[in-house]
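K.L.:
okay, here's the prediction I keep looking at, along with the sequence it came from:
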Amino acid sequence: MPHANNGGVSVRYEVDAPDAGDPDEAVVFCGDVGLGAWQFGWQHAALAGPHTVITPETRGVGRSDAPPGPYAVEDLAADVDAVCAAEGIRNAHLVGYGLGGMVALTAALASSRPASLTVVGTPPAGDAYNPDGVWADPTDPAAVEGSLHGLLSVDFREAHPDALPRIAEWRLAEDADRETFEAHRAAVESFDVADRLYEVTTPTLVVHGTDDAVCPVSAAKTLAEGLPRGELHVVEGARHFVGVEASAAVNDALAGWLAEHGADPLSG
């Protein structure tokens, strides 16, 4: 599988449907704090094929390098940019979850490469985000499954009881260890673009569950209101893993957003 290099840090990524749409345009996922690539599965299944999709493994996760922390969001944004450069992606439609949304916003401030952003469960500053609400020790199966109670709504858990053990299995196999989680936490804690939102002129879809306990929906409203081209999409009753439990609604919003902002398979 391909790797990109950012200042000596090797970032592993996958490319799916490389011949879809415009050859120098792609949807690029940016991951949440400490989570493996499993987190993208629900949106990946809907987007790969209509669009070229690139899935990097965040530094410290999977087969990407894990340099000593702490990390900064700027480091992670530069990793994503290196992946895009390696693949010749001129127009990246960044889809970021939590910390990955912070990465997407930072990338838009640093580069003209992002053509659109979709940020899920993301605040304008790290003090509105609780990384401990996402973390679970991947060596402790009971803790991993227990963590999902705060990340997925009661309604979803009751309607899909088989989903929790499957997600827990993926987390046990793919999520970061404590050292990487703490490096990611440092990136969250140092993130603050609240006073620079007016500079982010990239079209941005802000997706958020109303019952998100990791990042309150009020933070999403502040973010969307502060962005010159921000659009808020709230999902009633969903928690932080809104892309999992409300995947149909999130995927529909994403597909419409991408069609409107350039990653349109009919245009290629």
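P.N.:
Looks like it arrived, so ask away. Numbers count the residues shown, from 1 in each chain.

K.L.:
please enumerate the helices of the stretch 151-268 of the chain.
P.N.:
For the stretch 151-268 of the chain, the helices defined by DSSP state H, counting those that start in this stretch occupy 154-159, 163-174, 178-190, 217-226, 242-245, 247-260.

K.L.:
which ones are touching residue 128?
P.N.:
Contact partners of residue 128, counting by Cβ atoms under 8 Å, 6 or more residues apart in numbering, are 215, 216, 218, 219. C-beta coordinates here come from the backbone N, C-alpha and C atoms, glycine included.

K.L.:
gap between the second one and residue 154?
P.N.:
The reference is to residue 216. 18 Å (Cβ to Cβ, to the nearest Å).

K.L.:
of the two, which one has the most company?
P.N.:
Neighbours per residue (other Cβ atoms under 10 Å) separate residue 216 from residue 154, with residue 216 holding more: 17 against 11.

K.L.:
quick one, helices of the stretch 1-150 of the chain?
P.N.:
Counting by DSSP H, counting those that start in this stretch, the helices of the stretch 1-150 of the chain are 41-47, 73-86, 99-110, 141-151.

K.L.:
how about these, which one is nearest residue 19?
P.N.:
helix 41-47 (14.6 Å; Cβ to Cβ).

K.L.:
so how far is the closest one off the chain centroid?
P.N.:
12 Å (Cα atoms, centre = their mean, to the nearest Å).

K.L.:
swap in stretch 5-18?
P.N.:
Worked out by Cα atoms, centre = their mean, stretch 5-18 lies 16 Å from the chain centre.

K.L.:
which residues does that stretch contact?
P.N.:
By Cβ under 8 Å, 6+ apart, stretch 5-18 touches 1-4, 26, 37, 44, 48-57, 59, 62-65, 67, 75, 78-79, 81-83, 86-87.

K.L.:
just the buried ones from those?
P.N.:
3-4, 26, 37, 44, 48, 50-57, 59, 62, 64-65, 75, 78-79, 81-83, 86-87 (16 or more other Cβ atoms under 10 Å).

K.L.:
ok, the residue nearest to residue 119 when sequence neighbours are not counted - contacts?
P.N.:
In space, and not counting its chain neighbours, residue 119 is closest to residue 101: 3.2 Å by Cβ to Cβ, 6 or more residues apart in numbering. Taking Cβ under 8 Å, 6+ apart, we find residue 101 in contact with 30, 117, 119, 120, 121, 122.

K.L.:
quick check, pLDDT for residue 101.
P.N.:
We have a pLDDT of 98 for residue 101.

K.L.:
what's the spacing between residue 231 and residue 241?
P.N.:
21 Å.

K.L.:
circling back: need the helices of the stretch 1-150 of the chain in TSV (columns: distance to residue 175).
P.N.:
TSV is the format used below for the helices of the stretch 1-150 of the chain (distance: least, Cβ to Cβ, whole Å):
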stretch	distance to residue 175
helix 41-47	14
helix 73-86	16
helix 99-110	13
helix 141-151	8
